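> Below are the sequence and a predicted model for it; my questions follow.
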Protein chains: 2
Amino acid sequence: MVFQVKSIGTIRTPYKDIAPYQPIENDVGEFKVIIDPEYEDGLKELNRFNYIYLIYYIHMVKRRLSMLVIPPWSDGKEIGLFASRSPVRPNPIGVSIVKLLKINKNEIFTSGLDVFDGTPLLDIKPYVKDLDSKEDANYGWIEDMKDKEHLILHIKGIPHEY
Amino acid sequence: MVFQVKSIGTIRTPYKDIAPYQPIENDVGEFKVIIDPEYEDGLKELNRFNYIYLIYYIHMVKRRLSMLVIPPWSDGKEIGLFASRSPVRPNPIGVSIVKLLKINKNEIFTSGLDVFDGTPLLDIKPYVKDLDSKEDANYGWIEDMKDKEHLILHIKGIPHEY
């Protein structure tokens, strides 16, 4: 079964050639979502949320799809694609959680994003406390990594010097 | 810009005619995702995560798209579509966070889901502690509701008697 989805806006980031693996909350540069004017009314009250989900089409992927992947910093460990956040997926749909900074008409300014400039936006949803913030979540296979604490800094995009 | 996405599996739930507004963690019945056999290798190590994201195509929506919506239990408050979790969206892409119970070959058994039986699966991603569990998230416009505590029970799908 095949379905059509459409761009409802564009994500603007400083990333033209390389992008971080995950959103970096304190990333430097301007990150914003420009939603097509016909959808602007749909943003009413969105500014009350401090985090939002951006759902987008990962348009810049060139690598070949593989069901097994070796994530960066995984020390060569091979895992299934669905146990990873690899952008090379059967459906290249990305989900990023970002801080909402301000909304000005049809422009939504956010904290750092992990996508290339020009990424087509598919949807925005509010991130709701309790509903989405699972306190008892775990790190999955990352727990096995001998360098787990270091790896988690990478995962969270926290700058560090070692 | 229009893109094509495809079903990579099917979500099975007890819901044929009505479904809850949000996943109910202790919901009664069998909830599972059957991924097409060609993608089964992609599940390697997924069982190490206690929560996962399911991304799916909301195929049963019949209502008309509107940029302003009045969510259930919002006491008549009108908000923008993107500040809501309404299933009637420009792109009917749903995201649900569920507990992963067990994986048996290409079948993933989960906690309660808020989708109709037969919903087409688009993607599975691991829910990673810290990365996805934002402790400082808020309730957005729900904070204004005079019956906030009660509303949050509804949002979380917690059964209650009043």
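Nice, thanks for sending it over.
> contacts and neighbour counts: CA atoms only from here.
OK.
> ok, which stretches of chain A are helices?
Ranges of helices within chain A are A:148-156, based on DSSP state H.
> Send me the longest strand along it as PDB with only the CA atoms.
Secondary structure assigned by DSSP state E gives strand A:93-104 as the longest strand of chain A. Coordinates of each C-alpha in strand A:93-104 appear next as PDB, following Å, rounded to 0.1, in the frame of the first residue of the first chain:
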ATOM      1  CA  ILE A  93      10.200  10.100   7.900                       C
ATOM      2  CA  GLY A  94      12.100  12.000  10.600                       C
ATOM      3  CA  VAL A  95      10.900  13.000  14.000                       C
ATOM      4  CA  SER A  96      12.700  15.600  16.100                       C
ATOM      5  CA  ILE A  97      11.900  17.100  19.400                       C
ATOM      6  CA  VAL A  98      12.900  20.700  19.700                       C
ATOM      7  CA  LYS A  99      12.400  23.600  22.100                       C
ATOM      8  CA  LEU A 100       9.900  26.200  20.800                       C
ATOM      9  CA  LEU A 101      11.500  29.600  21.200                       C
ATOM     10  CA  LYS A 102       8.900  31.900  19.500                       C
ATOM     11  CA  ILE A 103       6.400  32.100  16.800                       C
ATOM     12  CA  ASN A 104       6.100  35.100  14.500                       C
END
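> and it, what's its mean pLDDT?
Rounded to a whole number, the mean pLDDT of strand A:93-104 is 96.
> so what's the nearest residue to A:Arg85 once chain neighbours are set aside bridging to?
Sequence neighbours aside, B:Lys125 is the residue nearest to A:Arg85 in space, at 6.5 Å (criterion: CA to CA, 6 or more residues apart in numbering or on different chains). Counting by DSSP bridges, B:Lys125 forms beta bridges with B:Tyr53.
> these two touch, right, B:Lys125 and B:Tyr53?
Yes. In this structure, B:Lys125 is within contact of B:Tyr53 by CA atoms under 8 Å, at 5.1 Å.
> How about the contacts made by the residue nearest in space to the middle of chain A?
Centroid-nearest residue in chain A: A:Ser96, 2.6 Å away (criterion: CA atoms, centre = their mean). Taking CA atoms under 8 Å, 6 or more residues apart in numbering or on different chains as the criterion, A:Ser96 is in contact with A:Pro23, A:Tyr53, A:Leu54, A:Ile55, A:Leu113, A:Asp114.
> If we use 6 Å, what do you get?
Listed by CA atoms under 6 Å, 6 or more residues apart in numbering or on different chains, the contact set of A:Ser96 reads A:Tyr53, A:Leu54.
> same check, this time on A:Ile93
Contact analysis of A:Ile93 by CA under 6 Å, 6+ apart lists A:Tyr56, A:Tyr57, A:Ile58.
> how does it look with 8 Å?
Taking CA under 8 Å, 6+ apart, one finds A:Ile55, A:Tyr56, A:Tyr57, A:Ile58, B:Asp123 in contact with A:Ile93.
> Repeat that for A:Phe31.
A:Ile11, A:Arg12, A:Thr13, A:Pro14, A:Phe109, A:Thr110, A:Ser111, A:Gly112, A:Leu113.
> isn't A:Asp41 right up against B:Ser66?
No. Between A:Asp41 and B:Ser66 there is no contact under CA under 8 Å: 9.3 Å.
> For stretch A:120-131, what is the distance to the chain centroid?
11 Å (CA atoms, centre = their mean, to the nearest Å).
> hmm, who's touching it?
Identification of contacts with stretch A:120-131 by CA under 8 Å, 6+ apart yields A:5-11, A:33, A:35, A:46, A:49-59, A:97, B:82-85, B:89-91, B:93, B:134-140, B:155-156.
> Now, the residues you listed that are in strands?
Secondary structure assignment by DSSP E places A:5-6, A:9-11, A:33, A:35, A:51-57, A:97, B:93 of the contacts of stretch A:120-131 in strands.
> Check which residues of stretch A:29-49 are buried.
For stretch A:29-49, burial by neighbour count (16 or more other CA atoms under 10 Å in any protein chain shown) applies to A:31-35, A:39-49.
> what about the residue nearest to A:Met60 when sequence neighbours are not counted, how many neighbours?
Leaving aside its sequence neighbours, A:Met60 sits nearest to A:Phe116 (CA to CA, 6+ apart; 7.5 Å). Residues lying near A:Phe116 (other CA atoms under 10 Å in any protein chain shown) number 20.
> For A:Phe116, give its distance to B:Asp123.
21 Å (CA to CA, to the nearest Å).
> do A:Leu151 as well
On the measure of CA to CA, A:Leu151 and B:Asp123 end up 24 Å apart.
> next one: A:Lys125
17 Å.
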